[in-house]
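Visitor: Here's a sequence, model it:
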Amino acid sequence: MMDIWVYFRDASAAKGHLSLLDFSKFSDKDSAWDGNTCRSKHLMELIKRICNNEKPLFVQCSRLKEVILQKLEIQCLCVDDDDVILELIWGINNVLECFIKSFIKEEIDNIERGCLPFSKGLEKCLEDYCISVPKEMLNKKLISQLGFVRYLEISSKEIANKLRESFDKHVCNIGESIEDDLNYTKVLARILVPEIATEFNFSQMFSGELALKVQEAEKSECVTEYRKKQVYLQ
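Guide: Now for the predicted structure:
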């Protein structure tokens, strides 16, 4: 949940997760829900068409949640109900301007969007990287750069996990005994592709017992079978 914001760090990242269904601009918010104008009716019809009560609609605030329930009898959840919704709404608002700029000529008023609760994921990222910046000083460029760095960090962890899931069975599950991802990668490379991997001194890298396990895995039948398959595929 905490890293949802990363995928809404800028418009380029968000376009893989968001699409604009429609856009209507109202000078008075109350007129959006009175049903007396074509725009108001269109907005209500749009919500009814794309939403049902099987899954709730996520909205920005409790007032909007109450209005939609009263007018359309559609269940909603807002930022006060769940941290995931807060992160999603914050993310959408962060990139909103890029999605609707073709519909408006004037600058978008950011005051109300700035009043949203701050992304807890972004806040945690700032803490993790020991960055002390007043929230009002965080601009889109900095958010985008921080988000990209965090995305790379997340991806590197996912790659390490995928590596274990995909190959550990071929090395007698030696990964269960090696916590460090870099050391595990070295062991994996040395065992499965010794012809191109650097020769590591595992007796210096690991305790005597673990070094022995690595040596045994290197000579195991599962490794032999894997190498045979690779030769066959080539």
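Visitor: switch to C-alpha atoms for all contacts and neighbour counts from now on
Guide: Will do.
Visitor: which residues touch His17?
Guide: Tyr7 (Cα atoms under 8 Å, 6 or more residues apart in numbering).
Visitor: What's the per-residue pLDDT of it here?
Guide: For His17, the model assigns a pLDDT of 91.
Visitor: What of the one 5 residues further on?
Guide: In the predicted model, Asp22 carries a pLDDT score of 84.
Visitor: since we're on it, how many residues are nearby?
Guide: 9 (other Cα atoms under 10 Å).
Visitor: three-state assignment of it?
Guide: coil (DSSP: H, G, I helix; E, B strand; the rest coil).
Visitor: ok, now the one 4 residues further on?
Guide: Three-state secondary structure (criterion: three-state DSSP) places Phe26 in coil.
Visitor: how near is it to Asp34?
Guide: Between Phe26 and Asp34 the distance is 12 Å, computed by Cα to Cα, to the nearest Å.
Visitor: Tell me if I'm right that Ala14 and Val95 touch.
Guide: Yes. If you go by Cα atoms under 8 Å, Ala14 and Val95 touch, sitting 7.3 Å apart.
Visitor: Next, show the common contact partners of those two.
Guide: Phe8.
Visitor: Quick one: the strands in the protein, in order.
Guide: 57-58, 76-77 (DSSP state E).
Visitor: Quick check: which of the ones you listed is buried the most?
Guide: Comparing the strands of the chain by mean neighbour count (mean count of other Cα atoms under 10 Å), strand 76-77 ranks first with a mean of 21.
Visitor: mean confidence score for that strand?
Guide: pLDDT averaged over strand 76-77 gives 92.
Visitor: next one: it to chain centre, how far?
Guide: Strand 76-77 sits 22 Å away from the centroid of its parent chain (Cα atoms, centre = their mean, to the nearest Å).
Visitor: I'd like the numbering to begin with 257 instead of 1 from here.
Guide: Okay, residue one is now 257; in that scheme the one you just asked about reads as strand 332-333.
Visitor: so what strands line up beside that strand?
Guide: Neighbouring strands of strand 332-333 in its sheet, by DSSP bridges, are strand 313-314 (parallel).
Visitor: quick one, domains of the protein?
Guide: Domains of the chain are assigned by automatic domain parsing as 260-394, 414-489.
Visitor: Make a markdown table out of these and add distance to Arg406.
Guide: Shown next, in a markdown table, are the domains of the chain (distance: least, Cα to Cα, whole Å):
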| stretch | distance to Arg406 |
| --- | --- |
| domain 260-394 | 7 |
| domain 414-489 | 12 |
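Visitor: between those domains, which one is nearest to Val405?
Guide: Closest to Val405 of these is domain 260-394 (Cα to Cα; 9.1 Å).
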